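# A structural model of the following input is requested.
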Amino acid sequence: MTQERDATRMHDKSRTTAQRGSRRYARLLVTGGAGFIGSCFVRDVLGRRDGTHITVLDKLTYAGNRSNLAPVEADPEQAARLRFVVGDIADPEIVEPLVAEADAVVNFAAESHVDRSILEPVDFLRTDVLGVHVLLEACRKEQARARAGGRAATPRMLQVSTDEVYGSVETGESVEDDRLEPRSPYSAAKAAGELLVRSYFITYGLDVVVTRGSNTYGPYHYPEKLIPLFVTNAIDDQQLPLYGDGRQRRDWLYVADHAGAIGHVLEHAGAGETYNIPGGNERANREVVATLLELLGKPWSLVRSVEDRPGHDWRYAMTGDKLAALGWKNKMSFEVGLAATVDWYLANQGWWRPIKSGEWEEYYRRQYATRLAGSRDAG
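Sure thing, here's the model as predicted:
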């Protein structure tokens with residue numbers, strides 16, 4: 001009870017601090033910064049040209065792609081403020097010196113595909129739980145150094161999480177204080193990472209915040225999730241494997257809005273806070289597929305109904321009231337964002353065609369070959 005009361009006092013103090021104005025961090029450590037959302041965050045922050053320096057730490061696994069940062073590295077002014085380190089967030093020897101140099105840590109690094117978590121769950125535990133622990137411990141060491149006068153302040157850590165930690169939401173919208181009910185190895189690992197972050201706030205008073213984003217889409221998205229997979233398959237007139245009847249519902253968030261909201265929370269939120277980042281664009285999966293096929297001028301006959309994913313959540317939905325009260329508003333509508341995404345994949349086939357080979361082909365075969373062989377017309 002004493003710890004909870006202390007945490008509440010810290011919580012109230014942090015709210016007051018946040019209300020006094022924003023904080024700008026001059027030196028950021030962005031883990032997973034070569035991934036889909038992380039690279040967008042890096043491109044956007046460096047594109048402000050406000051002097052911010054970013055160190056990207058990325059393991060460059062299948063979904064990490066150095067070319068996602070090509071626009072930054074082609075710009076001499078931005079490139080001078082970017083450092084790239086290849087490494088694992090679960091390796092303290094790599095992480096600790098990087099955290100020691102940072103004013104804030106933004107953790108995008110994660111194994112993030114539910115289907116892969118069903119096939120290989122242990123990889124998700126290493127990155128999404130053990131990796132988070134290593135980052136937190138590195139921040140705690142810096143907290144001790146700050147208290148001893150060795151640095152000006154403890155680095156803030158922002159943990160990027162997901163709406164999937166709430167589980168399937170049959171009705172209404174999830175709020176930040178709702179019980180976490182993850183239903184896949186991926187969402188369970190993300191929930192465990194969140195709980196670790198929360199525990200370091202309560203136990204050690206660490207300066208941490210958490211964001212939970214909804215289904216994100218946009219350019220540079222590795223072609224295994226619904227939108228990039230179906231767009232790239234449809235461009236080549238390949239079959240589109242739609243799980244079940246395709247009536248599962250998701251809330252869609254454009255990647256630049258997601259990255260921007262994370263930056264806003266980083267600079268404005270009080271310590272220990274959690275913020276939902278909804279897209280405000282709830283759609284059934286088959287409705288999304290119909291729209292992207294219309295944009296591409298492709299027939300619905302490409303869509304095949306395949307065996308559903310085990311434990312497939314039917315619906316995700318979150319309220320964004322708390323984020324709105326912090327002063328954030330998304331900019332991109334779903335219709336404009338999806339059209340821009342389709343156009344990007346059409347114009348950047350040199351980016352995604354090399355990806356859809358090798359490891360990707362093996363994963364796709366494991367995941368869909370049997371399903372497609374037993375598929376039926378999606379109706």
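
# going forward, measure contacts and count neighbours with C-alpha atoms only.
Fine.

# distance between the ends of stretch 81-94?
20 Å (CA to CA, to the nearest Å).

# go through it and flag the buried ones.
For stretch 81-94, burial by neighbour count (16 or more other CA atoms under 10 Å) applies to 81-82, 84, 87-90, 92.

# then stretch 201-213?
Buried, per 16+ other CA under 10 Å, within stretch 201-213: 201-202, 205-213.

# picking up where we left off before, and the furthest pair within the buried residues of stretch 81-94?
R81 and A90 (24.9 Å; CA to CA).

# one step back: mind checking which of the buried residues of stretch 201-213 are in helices?
Those of these mapping onto helices are 201-202, per DSSP state H.

# next one: the nearest residue to A256 once chain neighbours are set aside from R283, what distance?
Distances taken as CA to CA, 6 or more residues apart in numbering place C40 nearest to A256, at 6.5 Å, with adjacent residues excluded. Counting by CA to CA, the gap from C40 to R283 is 24 Å.

# okay, those two: which has more neighbours?
C40 (23 against 16; other CA atoms under 10 Å).

# so which strand or helix has that one?
helix 36-47 (DSSP states H and E).

# next SSE downstream of that helix?
strand 53-58.

# following that following strand, which helix or strand comes up?
Next along from strand 53-58, by DSSP H and E: helix 70-73.

# can you list the buried residues in the next helix or strand along the chain from that following helix?
With elements assigned by DSSP H and E, the helix or strand that comes after helix 70-73 is helix 76-79. By neighbour count on 16+ other CA under 10 Å, the buried set for helix 76-79 is 78-79.

# kindly report the same for stretch 62-78.
Those would be 63-66, 68-69, 72-73, 78, for stretch 62-78 by 16+ other CA under 10 Å.

# how far does it sit from the chain's center?
On the basis of CA atoms, centre = their mean, to the nearest Å, stretch 62-78 sits 18 Å off its chain's mean C-alpha point.

# now it: average pLDDT?
If you average the pLDDT over stretch 62-78, you get 95.

# can you list contacts of that stretch?
With contact meaning CA atoms under 8 Å, 6 or more residues apart in numbering, stretch 62-78 is reached by 32-36, 39, 42-43, 46-47, 49, 58, 60, 79, 82, 220, 222, 359-360.

# just the strands from the stretch 151-300 of the chain, written as ranges.
For the stretch 151-300 of the chain, the strands defined by DSSP state E, counting those that start in this stretch occupy 156-162, 208-213, 215-217, 240-243, 249-254, 274-277, 282-284.

# right, and these - which one's nearest N348?
Nearest of the strands of the stretch 151-300 of the chain (CA to CA): strand 215-217, 15.6 Å.

# paired strands for that closest one, with orientation please.
strand 249-254 (parallel) (DSSP bridges).

# show me the contact partners of the partner strand.
By CA under 8 Å, 6+ apart, strand 249-254 touches 213-218, 278-285, 314-317, 332, 334, 337.
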